[in-house]
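Visitor: Using only what follows, build the 3D model:
(one chain, ligands or ions: 1)
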Amino acid sequence: MNYSKNQLKELIVQKLRLNYGCTEAQANDGEMMKACAMVLRDIMAEHGVETRQRTADEGGRMVHYMSLEFLMGRSLAKNAYNLGVLDTLSQAIDELGFKAADIFDMEPDAGLGNGGLGRLAACYLDSLTTLEIPAAGYSICYELGIFRQKIVEGQQVELPDDWMGLGDAWLLRKPQDAEEVHFGGKIRTRWDNGHLMVVHEDYTRVLAIPCDMEIAGYGTDHVNTLRLWEAKSPSPVDMALFNQGQYLRADEERTMADAISKVLYPEDNHYEGKSLRLKQQYFFVSATIQSITRKHIQTYGRLKNFHEKNVIQINDTHPALVIPELMRILIDDAGMSWDDAWEITTHSVAYTNHTVLAEALEVWPQSLLETLMPRVWQIIQEISRRYQAKVEEFYHDGVKTAKMAVIWNGQVRMANLCIAGGMAVNGVSALHSDILRHDVFREAAEMEPEKFKNVTNGVDHRRWLAQINPGLTGLLNDTIGDGWLLRPAELSKFDAFAGDAAVLKRLEEIKLANKATFARWAKRHQGVVLNTDAVFDVQVKRLHEYKRQLLNVLHIIYLYQQLQDNPNMEMRPHTFLFGAKAAPGYAVAKRIIHLINSLANQIDNDPICKDKLQVAFLENYRVSMAEILMPASEVSEQISTAGKEASGTGNMKFMMNGAVTVGTLDGANVEMHQVLGDENMFLFGLKADEVARLRENYDPRLLYDRDPMLRRVVDQLKRGFSDGVSYEDLWQRLLQRTDSPADQYMLLADLPSYAEAQQRLTAAYGERDRWNTMSLHNIARSGIFAADRAVAEYADTIWHVHHK
Ligand code: 26W
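Guide: All right, here's what the predicted structure looks like:
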């Protein structure tokens, strides 16, 4: 560490010469960005060698974090920050004749994830490394990440996210460490020296090539690795077919293999039984587990102590096939008995659940598993048979046996497989873990209560506060010192400044400056002119009905109608910002995006709204946008139907940047409320248990008939907007029972209470001291939502590994 500016300049110039054959005067911004990335990569690679040596010498347990998604975003500023060279690097870039800010801005987001689950994995890598835990992340090196969203005539259009050209500067391809994954074929058994051998024949081979990304920690030389697998066919073009002129068929197998790591599935919280997705999962799982066991054997010579030296955390059920795949390697390759293999597996794998939505639970048709991975299928059958016997012996209850079964009605239930084969199952907030224990996985939790745990999510507070909000970071350092960077609990010291007028004033000025910065960015990149005198009220997250962006819209319509009734109404200026991607196949979500844009357009063109009411839909919401938006936000919208949002993590990022939450008692909002109290957040709406009870005989029609305010607001959807678009379909979804129950997420039940909370909020915003004090308490009490705390809890209660 401790690189001087001149050293960095020299290293960068050298990279430019060697890799791009140019001088700093000839290089373009992209080349400059990549050269800087390579310089930092070299530094991290060196630390990596030392870390691995130390880890091997110490012989401790290593954590393997498996996730189909890692939403990394940008890495240049982040790595420079963690390595302690951000300022030096910026100066070096400037002095080489570039603008540092432009260079950082060149880097494409590594968008290898959809939303919360993927971003969580990225935050945890930072904490795993900063806490000096020997760890590795594993995923797929998708050629195309989450699609780029364009809004055309108010509607979402998806464009491919071709991030590799500039974004691959961080990746180190290691073909020499490739693994081979086998698909399809047949299973035969034969006796060999008294041993029953399993022979897999006629399979299709796919090569898995590691592309490693080094991860730097903060204030440490410890480095961990994110291993991304790229799929390639091992066989060259079929020359026989090629010579017959069948060019496409000759290349068929290669195309099939390449397809596996081509694109990230963009469905968030929605299961679709696509066979290519299952291929991705097995490809990823098999390559990873082969790589981990191979390295273990190199170090320890055998797999008998595998579980003592390794723990595998799986991010939702997407990597669930690790359980049968590890069994396969232990039994077929290492020659262990079923019982020994099961002992090791059930002490190695832990499962985190991230959603209770029924439509998100993975259930694969057994026929698909049978054809694509026949040996794994055999092992799943045996796991299922034995688990079912255990359940029957415990309960003697057919209904419970059916509910807990791994294989049922020709379907493989991945969550039940994880519960059967895992050593721990955890939810991601206190409320969510309770719902898992008492509802979703009730029977399993009653049979094995020790297995079920909670680890409330956390976010990387160094990225989501220190790095992106230098103004606030300066204020914190001036008041409470900088210990909070490594010990986030120390943020609570900031509470003592609640009565300090100078601190409150500075807090307000920082927010104002951040709003101006965001407004400039929005003008330049989105072409919208934001009113910085207005309160910035923000809802950014994936678009999903349960997250209730539509509830936010209905409330805005309500405000707009009040203005129409009384154009001279005194109103505190209010700017509502939305950012959200909809899954390409989720028609209702896309209609809601269109609706937000119709409303934004009408309000924008209506003079009565000028300087009072504004709505903007921010195109292509992503990590790098969140990094400018969070510090500028004043109100955080966390308004999901209670019981549906497992945790939320955006809520935490807003909180640590001083935004005040308007929200339901859902996910981690419950724990925010515990530390903030009613005075420092705006709660509204039904509680999770009330939602569950009301669901029995909920009738939104009754509410609509009874309440003229509701009726008028909802009817606006049917009447449509000045662009001539009507949203009768959304109106119907709220009021007419058709295929699914009307107003499934109970917007009508919660709208009056939401409007009232918004009123309280607006009043509080008018009292500047009161508002700034609330903001201060939010920052001061956000320490529990740091990923460092969450990862330390995993280490102590599930992994049993040491940490700093
Ligand atoms: C199989 C399709 C699919 C894809 C993604 C199903 C489910 C998912 C994820 C589990 C959805 C997800 O991202 N869940 C979010 O996880 C966050 C991190 O724990 C939580 O904060 C969010 O509340 C939860 O919605």
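Visitor: Up against the ligand, what does the stretch 151-300 of the chain have?
Guide: Within reach of the ligand by CB under 6 Å from any ligand atom, the stretch 151-300 of the chain has these residues: 267-271. All C-beta spots, glycine's among them, are computed from the backbone N, C-alpha and C.
Visitor: Kindly reformat these as JSON lines containing distance to I133 and neighbour count.
Guide: JSON lines is the format used below for these (distance: CB to CB, whole Å; neighbours: other CB atoms under 10 Å):
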{"residue": "E267", "distance to I133": "31", "neighbour count": "18"}
{"residue": "D268", "distance to I133": "28", "neighbour count": "24"}
{"residue": "N269", "distance to I133": "29", "neighbour count": "23"}
{"residue": "H270", "distance to I133": "33", "neighbour count": "16"}
{"residue": "Y271", "distance to I133": "32", "neighbour count": "19"}
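Visitor: Now do the helices in the stretch 201-350 of the chain.
Guide: 239-243, 247-250, 252-259, 275-300, 306-309, 322-328, 338-345 (DSSP state H, counting those that start in this stretch).
Visitor: and those, which is most packed in?
Guide: With neighbours defined by mean count of other CB atoms under 10 Å, none of those is more surrounded on average than helix 322-328, at a mean of 26.
Visitor: how distant is stretch 96-105 from the center of its chain?
Guide: 29 Å (CA atoms, centre = their mean, to the nearest Å).
Visitor: Now it: average pLDDT?
Guide: The pLDDT scores in stretch 96-105 average 98.
Visitor: Give me the pLDDT for M1.
Guide: Value for M1, per-residue pLDDT: 59.
Visitor: Is it possible to get a markdown table of the helices of the stretch 201-350 of the chain that adds distance to I12 and mean pLDDT?
Guide: Converted to a markdown table, these look like this (distance: least, CB to CB, whole Å; pLDDT from 0 to 100):
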| stretch | distance to I12 | mean pLDDT |
| --- | --- | --- |
| helix 239-243 | 45 | 77 |
| helix 247-250 | 44 | 74 |
| helix 252-259 | 34 | 87 |
| helix 275-300 | 33 | 98 |
| helix 306-309 | 40 | 98 |
| helix 322-328 | 41 | 98 |
| helix 338-345 | 47 | 98 |
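Visitor: Distance to T664 added to these, as JSON lines?
Guide: Shown next, in JSON lines, are those (distance: least, CB to CB, whole Å):
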{"stretch": "helix 239-243", "distance to T664": "60"}
{"stretch": "helix 247-250", "distance to T664": "54"}
{"stretch": "helix 252-259", "distance to T664": "41"}
{"stretch": "helix 275-300", "distance to T664": "32"}
{"stretch": "helix 306-309", "distance to T664": "41"}
{"stretch": "helix 322-328", "distance to T664": "35"}
{"stretch": "helix 338-345", "distance to T664": "39"}
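Visitor: Identify whichever of these lies nearest to N454.
Guide: For the helices of the stretch 201-350 of the chain, proximity to N454 was assessed by CB to CB; helix 322-328 is nearest, at 22.0 Å.
Visitor: what does that closest one rub up against?
Guide: Applying CB atoms under 8 Å, 6 or more residues apart in numbering, the external contacts of helix 322-328 come out as 66, 282, 285-286, 288-289, 293, 312, 314, 338, 341-342, 344-345, 348-349, 375-376, 379-380, 383, 417-418, 420-422.
Visitor: Need the CA coordinates for the helix or strand of the chain with the lowest mean pLDDT. PDB is fine.
Guide: The weakest-scoring helix or strand in the chain, judged by mean pLDDT, DSSP states H and E, is helix 247-250 (a mean of 74). Only the C-alpha atoms of helix 247-250 are listed here, as PDB (Å, rounded to 0.1, in the frame of the first residue of the first chain):
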ATOM      1  CA  TYR A 247     -22.100 -25.000 -41.200                       C
ATOM      2  CA  LEU A 248     -24.700 -24.200 -38.700                       C
ATOM      3  CA  ARG A 249     -25.100 -27.700 -37.500                       C
ATOM      4  CA  ALA A 250     -21.300 -28.100 -37.300                       C
END
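Visitor: Up against the ligand, what does the stretch 351-500 of the chain have?
Guide: 354-355, 360, 362, 428, 457.
Visitor: what's the farthest-apart pair in the residues you listed?
Guide: The widest separation within those (CB to CB) is 20.7 Å, between E362 and N457.
Visitor: out of these two, which sits in the more crowded spot?
Guide: N457 (29 against 21; other CB atoms under 10 Å).
Visitor: quick one: R386 and C22, what's the gap?
Guide: Computed as CB to CB, to the nearest Å, the R386 to C22 distance reads 63 Å.
Visitor: And A420, by the same measure?
Guide: According to CB to CB, A420 and C22 sit 58 Å apart.
Visitor: can you pull the contacts of R74?
Guide: Contact analysis of R74 by CB under 8 Å, 6+ apart lists 104, 107-110, 623-624.
Visitor: what's the average pLDDT for the strand or helix carrying R190?
Guide: Taking DSSP states H and E as the definition, R190 sits inside strand 186-192. The average pLDDT within strand 186-192 is 92.
Visitor: Strands of the stretch 51-200 of the chain, residue ranges please.
Guide: With DSSP state E, counting those that start in this stretch as the criterion, the stretch 51-200 of the chain has strands at 62-66, 70-73, 110-112, 135-140, 148-152, 155-159, 171-173, 179-183, 186-192, 195-201.
Visitor: a markdown table for those strands, including mean neighbour count?
Guide: What follows is the strands of the stretch 51-200 of the chain, written out as a markdown table (neighbours: other CB atoms under 10 Å):
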| stretch | mean neighbour count |
| --- | --- |
| strand 62-66 | 24 |
| strand 70-73 | 26 |
| strand 110-112 | 27 |
| strand 135-140 | 26 |
| strand 148-152 | 16 |
| strand 155-159 | 15 |
| strand 171-173 | 17 |
| strand 179-183 | 18 |
| strand 186-192 | 10 |
| strand 195-201 | 12 |
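Visitor: right, and those - which one's nearest Y794?
Guide: Checking those against Y794 by CB to CB gives strand 62-66 as the closest, at 8.1 Å.
Visitor: what comes into contact with that closest one?
Guide: If you take CB under 8 Å, 6+ apart as the criterion, strand 62-66 is touched by 55, 121, 124-125, 128, 133-139, 284-285, 288, 292, 309-315, 319, 322, 795, 799, 801.
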